[in-house]
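Q: with the input below, show me the fold.
(2 chains)
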Amino acid sequence: MSVKANVFNPVVAADRVDYPQLEHTIQNWWATHNILQQYLHRNEQSEKRYSFLDGPITANNPMGVHHAWGRTYKDLYQRFKTMQGYKQRYQNGFDCQGLWVEVNVEQALGLKTKRDIEDYGIAAFVEKCKERVFTFAKRQTEQSIRLGYWMDWDNSYYTLSDENNYTIWSFLKKCRERDLLYKGHDVMPWCPRCATGISNMEMEAEGYKELTHLSLYVRFPLLDRPGEYLLAWTTTPWTLAANVAAAVNPELTYAKVEQDGEYYYLVESLLSVLKALKGRDKGEYKVVETLKGSEMVGWKYQGPFDELPAEKGIVHTVIPWKEANATEGTGIVHIAPGCGKEDFGLSKELGLPAIAPVDEFGVYKEGFDWLTGKQTSEVGPLVAENLTKKGLLYRPQNYKHRYPTCWRCKTELIFRLVDEWFISMDTLRYEIMDVVRQINWIPAFGFDREMDWLRNMDDWMISKKRYWGLALPIFDCQQCGNFEVIGNREELQARAVAGWEEFDGHTPHRPYIDGIKIKCQKCGNEVSRIKDVGNPWLDAGIVPYSTIHYRTDHEYWKQWFPANFVTESFPGQFRNWFYSMLVMSTVLEKTAPFKTLFGYATLMSEDGTPMHKSKGNMIVFDEAAERVGSDTMRWLYANHTPEQNLNFPSIPTDKDMQKSAESGLPVRLSEKWMLTRRTLDKIWNVYWFFVTYANIDQFDPTQHQLPMASRSELDHWIISELQQTIRDVTSGLEQYDTTKPAEALQSFLEDLSNWYLRRSRERIWKSQLDDDKLAAYLTLYECLTTLLTMLSPFMPFLTEEIYQNLVRSVDQTAPQSIHLCDWPQVDQALINEQLTNETHLVMRIVGLGRAAREKAQIRVRQPLNALYVHVPTVAEEEALQRLSDQVLEELNIKHLELMSADSAMLNYTLRPQVKILGPKYGPLVQKILGHLKGLSAHEAQEAATQLNSTGTLTLTIAGQEVSLTPNEVEVLATARPGFVTAEERGYIAALETTITPLLREEGMVRDLIHFIQDMRKKAGFNIEDHIGLAIYTDRELAQILQPYQTEIMSETLALNLLLSISPRDFPSFEEVYREHISPESTKKLGNYTIDIVLGKNVRDGKHV
RNA sequence: GGGCUUUUAGCUCAGGUGGUUAGAGCGCAGUCCUGAUAAGACUGAGGUCCCUGGUUCGAGUCCAGGAAAGCCCA
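A: Purely as a prediction, here's the structure:
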């Protein structure tokens, strides 16, 4: 045999593939060949545009595996659209500004308070924030590239950019013009550590914690009723110093209760609290009177801290409040308008004074005597002590409840009266709702969630009393109360009367912008910018405008706006990114900023619990990529139902990695990962198979062509399946679904490897490269390469690796990378549904045949004479006859016989078609069903025969004559007992189980061949190696084997065969491997004893 | 308290417009096949489709009420 170069590079077996390693190799190859740049520009001249808008990733930490989930979708759809020829922008975004960055920088610098920051210097601090953002943007870019995420990385947008900030300015100016912007006094959730308000949007679920606080039952002495008290309850003792009123529900019934000679008022339905609180110091109680809450309204009482200067002149009254409930506490609610949201609302309604007791750090201000200078968080017990001294404490009680904490630093929030800036939602919310209706929400319930949020959204607080963020362009005149909004840099310059020189040359950030003063248009006073920075969701919300030059190149903007597609994890984003984009786009253009929104759920750890850095179950992206591989991870994501949480399987441990390094084998993955990895392995196996045999045959796909007409039915079938797969994958992806396409691809792969390849083995195994073998190679090649093309957006690395070997190595005119290929087009003409059905019929009958063999306990290697088959329709009989070869080969049976309708092997039963009978007979249908069910086996057989022969079955049901047609009642064949059969809904396979001596011999020969094949492998021969073979046995078996010598030799690639009954006969080859088979060994050949010897064959003095 | 989601096999999940034998994968048990070997095929066991009522000839599917879990908001 002459030694020719291989057509393809030889391929290692699937279990030797180190995917992460392979991914690195591909990555480098892409880099050296500039593939990404070619990809980004390949559709530059295209008329078709696809506008993807990336939700900016917070550039504050390295990426986790949860980011990889979203980025897989982002990459996949953009790749899909690229292959379809759409021009795109491929712009990635980084979210840069905001408190989260500040918090991390503070930690890094060891700063604890805002005062520390100011001492450190705002300019230096802001610089550090910028540095941090750029550091992590770089890191995240590297990580994304490792995922195979292809973006125009040099063109990423940063929300800290001047353009982004100034576009927000123009938005705010428009808000001002529409009178949507106002300075509000409101009670806000407030973080005393960060010294800033927390907007509603930021009160994340994670922010709520199960906490235990000291709650107090306090008695308020009634002024005109000596010895009588209101019994009020609070979970925030620190707010008692700001009490101005007590609220009762006017609708509810309250009770006056006598206890230890004193009288308490509380809601009747909560008298149980007295019982629960009855301790050593409290006696029995009894109700002396009941009254409506409304009757108590207007009563005056002595406040708990009337001695404090801040409380001076406050008249404490009982007020009505419908929301006062009787589910916990006492039904009497302590009201401190400076410390609670509802309280503040009531105070506005009823004209009550509001006392704001604490400063921005949660420390009591002047006027609170001994409390002044103390933290709200530390005063609980002190207040209790003080009240006890004054005789006002009824009882303390520890109370567990969900309490909000700061979403960044976890400090418990307080509620505090502040000045902040708001965008009014009064009318805007309805405009936004109209915009929401224009959007395609996937999943559909996203629409409901967004609408719900919009209905309930309070005015949007956009200011933050911090340092690193958008400089709100609001100039609030302290003299006349007028405020103005500056819409851009030029306007600022024009209006500036001071500070421009210091600012010029800097980005629009603090502190340089703080020095600018403008002249108030109303009163001429010099006005400074408010010190606040903007809510960071403004930064992200503007990107549908700022990233495509809304202000500077309106034509360009129009070409790319609105985005076709955005996607993010939806928990949270309905009130964050989605919301802020909707608000801003509604104000700016009254239109939707994107057409389709695709949301996915949350990534959890393997056991379904949330991943947290602190819990130690967080999986960093890089480790997952290096241990299981990016392609595998991506395939996991693509297969998962997006609206459901994804439990990310645990990755191999350090120990696993070490073991793998020691053994030199790829690391073993867990069961759960293997579920995903198996698909990649299977692709590899098919690839391996093709390359191995194509090399043996020197098959070069570019050198051959064969029209479909000259190919086999099997070829037609798999090509038809391929076309259907293209159709299904394409339409699935077009609807932003990855799961159905992934399933379709997988199922095609199953068909290809489990049936097509299996059935084609014989064709490829033949020695000569005839048309049939060519057809098999060409068909397999076409299927494999098309499958790879479709898989390339899912698993960009693996598909590239295979493409390079399979396509590029033989065709230098093909696109340089699989990612520069076109998306495959469906060829309708090649779809043959009939063939699909027929092939499935063959598979089904083969399955039944195997089942029958199993029942008979006859393994497939033992040939049998006949299989009797029954199928329900004539068309299927015809098809089966045509395709019988496939069935017989698979089952190792010599003849296939169809069982006719009157076969002695068959029985019949009736199967009513309810879907047809129901509409026709209505209520009678249940009676007909009952009747048919009630028939005995014999009666059923009779009825079936009648229906078969006459075409109708006439019954009398409830005195009514009913004629049923074969359409309405299907006659189903079943197997008669006594044959070895398997059946399934009218399909029956029966086995002739007689094993003649000849069949037994044939079975033994097949066993023998199988043993020799096994030995070849053990001896280390290559698939195409020829061997020498010697068999030593007794006379009887030798005689049996005699006629099969040629078959044995050709099946085992033996160049010669020594069949001998004498161990003294020596073979002409050099012995390599030997096995002894006897009734005692694990391998058995009947009762015979046999020695098999394999050797390297020597001919003409050289090894062949 | 309100909104959204989920509840189907041991586990993870499929089950257009209602149709009488509810599926898949994994796991389990057993068998087969194999030069794809961490693969593949077959068979089997395993279900009160969360509960209750209703609509209907017929409900896993539609309606109402309820329960549990998750998320969001008060």
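Q: element containing the closest residue to RNA strand B within the stretch 1001-1104 of chain A?
A: For the stretch 1001-1104 of chain A, the nearest residue to RNA strand B under the criterion CB to the nearest atom of the strand is A:R1016, separated by 2.7 Å. Quick note: C-beta positions are derived from backbone N, CA and C, even for glycine. Assignment of secondary structure by DSSP states H and E places A:R1016 within helix A:997-1018.
Q: could you check the angle helix A:997-1018 makes with the helix or strand just after that helix?
A: With elements assigned by DSSP H and E, the helix or strand that comes after helix A:997-1018 is strand A:1027-1033. Computed by axes from the mean of the first three to the mean of the last three CA atoms, to 10 degrees, the angle separating strand A:1027-1033 from helix A:997-1018 equals 130 degrees.
Q: list of residues touching the very next helix or strand once past strand A:1027-1033?
A: Under the assignment DSSP H and E, the closest C-terminal helix or strand after strand A:1027-1033 is helix A:1035-1041. Residues outside helix A:1035-1041 that contact it (CB atoms under 8 Å, 6 or more residues apart in numbering): A:1001, A:1004-1005, A:1008, A:1031, A:1033, A:1048, A:1059-1061, A:1085-1086, A:1088, A:1090.
Q: now tell me which helix or strand of chain A has the poorest mean pLDDT.
A: Comparing helices and strands within chain A by mean pLDDT, DSSP states H and E singles out strand A:1102-1103 as the least confident, with a mean of 44.
Q: which SSE is the residue sitting nearest the centre point of chain A in?
A: Ranked by distance to the mean C-alpha position of chain A (CA atoms, centre = their mean), the top residue is A:P642 at 4.2 Å. Per DSSP H and E: A:P642 is located in neither a helix nor a strand.
Q: can you get me a residue count around the residue nearest to it when sequence neighbours are not counted?
A: Once flanking residues are discounted, A:P642 sits nearest to A:Y600: 3.8 Å by CB to CB, 6 or more residues apart in numbering. Other residues near A:Y600 number 25, with proximity taken as other CB atoms under 10 Å.
Q: near RNA strand B, which residues of the stretch 401-550 of chain A?
A: Proximity of the stretch 401-550 of chain A to RNA strand B, by CB under 7 Å from any atom of the strand, involves residues A:402, A:445, A:448-449, A:452-453, A:456, A:458.
Q: may I ask which of those has the most neighbours?
A: When neighbours are counted as other CB under 10 Å, the busiest of these turns out to be A:W453, with 20 neighbours.
Q: distance to RNA strand B for the contacts of helix A:1035-1041 - can I get that in TSV?
A: Compiled in TSV, the contacts of helix A:1035-1041 are given as follows (distance: CB to the nearest atom of the strand, whole Å):
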residue	distance to RNA strand B
A:E1001	16
A:M1004	12
A:V1005	12
A:L1008	11
A:I1031	16
A:T1033	21
A:I1048	13
A:L1059	20
A:S1060	22
A:I1061	26
A:L1085	13
A:G1086	14
A:Y1088	18
A:I1090	18
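Q: kindly supply the PyMOL command isolating those of those residues that are buried.
A: Buried residues among these (16 or more other CB atoms under 10 Å), as a PyMOL selection:
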select buried, chain A and resi 1001+1004+1005+1008+1031+1033+1048+1059+1060+1085+1088+1090
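Q: could you dump the contacts of helix A:1035-1041 to TSV with pLDDT?
A: Putting these into TSV (pLDDT from 0 to 100) gives the following:
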residue	pLDDT
A:E1001	88
A:M1004	88
A:V1005	89
A:L1008	89
A:I1031	92
A:T1033	91
A:I1048	89
A:L1059	90
A:S1060	89
A:I1061	90
A:L1085	83
A:G1086	81
A:Y1088	87
A:I1090	90
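Q: can you check the pLDDT for A:I423?
A: We have a pLDDT of 94 for A:I423.
Q: quick one: contacts for it?
A: Listed by CB under 8 Å, 6+ apart, the contact set of A:I423 reads A:175, A:180-181, A:459-460, A:462, A:583.
Q: A:T411: which of these is nearest?
A: Each of the contacts of A:I423 was scored against A:T411 by CB to CB, and A:I462 proved nearest at 22.1 Å.
Q: with adjacent residues omitted, what lies nearest to that closest one?
A: In space, A:I462 comes closest to A:N535 once its chain neighbours are excluded; the distance is 4.7 Å by CB to CB, 6+ apart.
Q: swap in A:Q45?
A: A:K87 (7.9 Å).
Q: same question, A:Q78
A: Of all residues not flanking A:Q78 in the chain, A:F52 sits nearest, at 5.5 Å (CB to CB, 6+ apart).
Q: starting at the chain centroid, how far to the longest strand seen in chain A?
A: Using DSSP state E to assign secondary structure, the strand with the most residues in chain A is strand A:208-221. Going by CA atoms, centre = their mean, to the nearest Å, the spacing between the C-alpha centre of strand A:208-221 and its chain's C-alpha centre is 41 Å.
Q: re the thing from before, the residue of the stretch 1001-1104 of chain A closest to RNA strand B reaches A:I1092, doesn't it?
A: No. At 10.6 Å, A:R1016 does not count as touching A:I1092 under the criterion of CB atoms under 8 Å.
Q: so for the nearest residue to A:L160 once chain neighbours are set aside, what's the pLDDT?
A: On the basis of CB to CB, 6+ apart, the spatially nearest residue to A:L160 that is not a chain neighbour turns out to be A:C96, at 3.9 Å. Note on A:C96: pLDDT of 94.
Q: and A:C96, how far from RNA strand B?
A: 23 Å (CB to the nearest atom of the strand, to the nearest Å).
Q: can stretch A:52-70 be said to contact RNA strand B?
A: No. Between stretch A:52-70 and RNA strand B, judged by CB under 7 Å from any atom of the strand, nothing touches; the nearest distance is 14.0 Å.
Q: what is the end-to-end distance of that stretch?
A: 13 Å (CA to CA, to the nearest Å).
Q: which ones are touching the residue nearest to A:R437 when sequence neighbours are not counted?
A: What sits nearest to A:R437 in space, not counting adjacent residues and going by CB to CB, 6+ apart, is A:F447, at 8.0 Å. The neighbourhood of A:F447, defined by CB under 8 Å, 6+ apart, consists of A:436-437, A:439, A:441.
Q: next to RNA strand B, which bits of the stretch 901-1050 of chain A? Give me the list.
A: Applying the criterion CB under 7 Å from any atom of the strand, the portion of the stretch 901-1050 of chain A that neighbours RNA strand B consists of A:911, A:914-915, A:918-919, A:922-923, A:925-926, A:929, A:972, A:982, A:984-985, A:1006, A:1010, A:1013-1014, A:1016-1017, A:1021-1023, A:1025.
Q: before we move on, back to that, got the contact list for the residue nearest to the centre of chain A?
A: A:73, A:443, A:598-601, A:738-739.
Q: still on that earlier bit, now, which of the contacts of helix A:1035-1041 sits nearest A:L883?
A: The nearest one, if we look at the contacts of helix A:1035-1041 relative to A:L883 and count by CB to CB, is A:V1005, at 26.6 Å.
Q: the closest residue in space to the closest one that isn't next to it in sequence: neighbouring residues, count only.
A: Once its chain neighbours are removed from consideration, A:V1005 has its nearest residue in A:Y1044; the separation is 4.7 Å (CB to CB, 6+ apart). Counted with other CB under 10 Å, the neighbours of A:Y1044 add up to 19.
Q: how close does A:Y1044 sit to A:E1051?
A: Plainly put, A:Y1044 is 10 Å away from A:E1051 if you go by CB to CB, to the nearest Å.
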